[in-house]
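Asks: pasted the sequence and its predicted model underneath.
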Amino acid sequence: MSGLFWLSEAQMARLEPYFPKSHGKPRVDDRRVLSGIIFINRNGLRWRDAPSEYGPHKTLYNRWKRWSDKVVFARIMAGLAAEHGEETTVMIDATHLKAHRTASSLGVKKGGRGRLIGRTKGGMNTKLHAICDSRGQPIDLFLTAGPVSDYIGARALISRLPNVKWLLGDRGYDADWLREALQDKTIRPCIPGRKRKTPVRYDKPRYKRRNRIEIMFGRLKDWRRVATRYDRCPKTFFSAIALAATVIFWL
């Protein structure tokens, strides 16, 4: 059984402060259940396909759904990421996550509008906006429908930027309002300009480091339930992303 555990005792000790308090009957072994949840999300399996060593699949699913509704996994990621210690450089970018047909069946009767799924040239998908530190570790995440502009994600994330000196971004973030907002925070933008009458100057050697956020997205997409969205509920899908970010980068 020890070979099936995804979390060590030390890692569990870091996570436990964020767990909801147990009322009444004690919870089933947290380490075993969380390992089963990680196994399912990492491999993109149905809950009923979980190995029996993790316990009943209904126990795994119920814990996953209950804690997702309570935003537990998002709080864990935010809490651990708050310890990033970054003082120099952060990066911003966004990526599309393909929505499976089980998630993108947007029937009017079932309230499809609120699922944060939209149609782009690549089909139905969701967009993940992210801020990461200079080592490529995500420190803030935001979810929108696929067709939503990168500017929308930037507006949501810009107010929560840490106190750093530089923000790296691609041409999609070349906007006067964003540069002015960064200036108000005394953060220098390293963002190539679109076609302008006066070309925008930026630090090219520093800009090359932006590939770290692309690598971060790639590592998150190694988790099958992140690369392909199977969950209709955006809160549950965001929990899958937060869990992957926590396990990969913050434990």
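Replies: Yep, it's here.
Asks: least trustworthy helix or strand in this structure by mean pLDDT?
Replies: Lowest by mean pLDDT, DSSP states H and E among the helices and strands of the chain is helix 101-104, with a mean of 84.
Asks: what's in contact with that one?
Replies: Here helix 101-104 makes contact (C-beta atoms under 8 Å, 6 or more residues apart in numbering) with Arg115, Ile117, Met124, Arg229, Tyr230, Asp231, Arg232, Phe237. No exception for glycine: its C-beta is placed from N, CA and C like everyone else's.
Asks: cool, and stretch 57-73?
Replies: 18-20, 27-28, 33, 36-37, 40, 47-50, 54, 233, 235-236, 239-240, 242-243, 246.
Asks: list only buried entries from those.
Replies: 18, 33, 36-37, 40, 47, 50, 54, 235-236, 239-240, 242-243, 246 (16 or more other C-beta atoms under 10 Å).
Asks: next structured bit after the least confident helix or strand of the chain?
Replies: Per DSSP states H and E, the first helix or strand lying C-terminal to helix 101-104 is strand 118-120.
Asks: quick revisit: need the CA coordinates for the least confident helix or strand of the chain. PDB is fine.
Replies: Extracted in PDB, the C-alpha atoms of helix 101-104 (Å, rounded to 0.1, in the frame of the first residue of the first chain):
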ATOM      1  CA  ARG A 101     -18.200  16.500 -24.800                       C
ATOM      2  CA  THR A 102     -19.400  15.400 -21.400                       C
ATOM      3  CA  ALA A 103     -18.500  18.900 -20.000                       C
ATOM      4  CA  SER A 104     -19.400  21.000 -23.100                       C
END
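Asks: off-centre distance for that helix?
Replies: Computed by C-alpha atoms, centre = their mean, to the nearest Å, the chain-centroid distance of helix 101-104 equals 20 Å.
Asks: got the buried residues for that helix?
Replies: Within helix 101-104, the residues that count as buried by 16+ other C-beta under 10 Å are Ala103, Ser104.
Asks: what is the burial count for the closest residue to Ile187 other than its chain neighbours?
Replies: Excluding its sequence neighbours, the residue lying closest to Ile187 (C-beta to C-beta, 6 or more residues apart in numbering) is Leu167, at 5.3 Å. Applying other C-beta atoms under 10 Å, we find 24 residues neighbouring Leu167.
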